[in-house]
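J.: next come a sequence and a model predicted from it.
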Amino acid sequence: MATAGEPWRVFRTIFVRLSAAAVVLLAIPTGFSLFNRLAPQLDSLAHLRLHLAAALGTAASLAVFLGARRMAAVGGLTVAATLIVTYPYLPGFSPGSGSSANASPRSIRVLQLNTLFNNAQTDLAAGIIRAADPDVVFLQEVTDSPKALINLLKNDYPVQLRCGSSSIGGATVISRLPAATDKIDCIESFALSAIRLDVDGKAMTFASYHGLWPWPFNQQEGIDKLTSQFSALPHPLVLAGDFNAATWSEGVHRIARLTDTSPAPGARSTWLSHKLPNALRPLIGLPIDQIMVSDEFTITRIATLPFAGSDHLPVVADIAF
């Protein structure tokens, strides 16, 4: 005859097994994501590394509550390893916060935005850019439309360069700083544009990049095609763009090695599908818009700006040199 506590013990056993299974199912992909340099497939998985770690931490906490301490330990150790490997590209490690403060005396302000080729709110985006008051703006998916940001901002940023184009537009640099006398010739690619600008009498390189989506798409092949161009970009260099790759990914760090630059620390959720509410972007969005600098620069402040009609948020940074 069953005792009064028998149903609870049965349910508890079921819950313990489910929590243990959840820990295992989440720990495996989270662990594999730590080896993302080994294969493009693992690098794609790494883009969701923090999402997986958050879910794994929740499952491990539930396992502790239910008494499955061994599985909880497995989950906890995997989460700890994830945080260690991903440091310093974690939320909260960005230098400074906000975007309205004045830049330091010897610094420039830059802004990065994938405009979205069919953005119907480019007037909103132009207003946000003007309010942020950057010296140089990096844009992607820039089309020939009269409502394209390069046309709306022509008077504010008269120096403009877009190399190549595609069905969704090309990568562009626009500036209120004057062009330097030496220039970088355009390459036949919608993915990369670079220009030399005069900053206090010194020529500096500013490059805009739009990466392809990672595996099973052709991100690494796209980087392969631009290897010589990346390596040839002169220093001092600021490289910004929609990398379609998380800050800690091999895709980003491969370009960092080719250009001898460093990505800005911290993780800023910039992209989320238009099919999901904008309010979710800071919580579950991917940090795929990067600003990278050579050793001559120090990023003193970096932050995201409000919604600008795109599926990406603008990123603004003050860079001292």
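T.: Perfect, I can see it now. Residues are numbered from 1 along each chain as shown.
J.: what stretches of the stretch 1-150 of the chain score poorly on pLDDT?
T.: Along the stretch 1-150 of the chain, the parts satisfying pLDDT under 70 run over 1-8, 10-12, 96-105.
J.: the helix ranked longest in the chain packs against which elements?
T.: Using DSSP state H to define each element, the chain has its longest helix at helix 6-33. The contact analysis (3 or more Cβ pairs under 8 Å, 6 or more residues apart in numbering; DSSP states H and E) places helix 6-33 against helix 40-46, helix 49-66, helix 69-86. Glycine gets a C-beta too; all of them are placed from N, C-alpha and C.
J.: angle of the second one against helix 6-33?
T.: To tie it back to what came earlier, the one meant is helix 49-66. Interaxial angle, helix 49-66 versus helix 6-33 (axes from the mean of the first three to the mean of the last three Cα atoms, to 10 degrees): 150 degrees.
J.: how distant is helix 49-66 from the center of its chain?
T.: 24 Å (Cα atoms, centre = their mean, to the nearest Å).
J.: contacting residues around that helix?
T.: Residues outside helix 49-66 that contact it (Cβ atoms under 8 Å, 6 or more residues apart in numbering): 12, 15-16, 19-20, 22-23, 26-27, 29-30, 33-34, 36, 69, 71-72, 74-76, 78-79, 82-83, 86, 90-91, 246, 248, 267, 284.
J.: what pLDDT does the nearest residue to A179 once chain neighbours are set aside get?
T.: Leaving aside its chain neighbours, A179 sits nearest to V159 (5.2 Å; criterion: Cβ to Cβ, 6 or more residues apart in numbering). According to the prediction, V159 has pLDDT 95.
J.: quick one: contacts for V159?
T.: So V159 contacts I174, S175, R176, L177, P178, A179, I195, L197 (Cβ under 8 Å, 6+ apart).
J.: can you check N119 too?
T.: A125, A308, G309, S310.
J.: the same query, at a cut-off of 10 Å, please.
T.: By Cβ atoms under 10 Å, 6 or more residues apart in numbering, N119 lies in contact with 113, 125, 141, 143, 145, 147-149, 308-312.
J.: rewinding a little: now, which of the contacts of V159 sits nearest G211?
T.: G211 lies nearest to I195 out of the contacts of V159, by Cβ to Cβ, at 19.1 Å.
J.: so how far is T261 from the closest one?
T.: I195 sits 16 Å away from T261, going by Cβ to Cβ, to the nearest Å.
J.: V173 now?
T.: Look at V173 and T261: by Cβ to Cβ, they are 16 Å apart.
J.: of those two, which one has the most company?
T.: Set side by side, V173 and T261 show more neighbours around V173, with 27 against 23, by other Cβ atoms under 10 Å.
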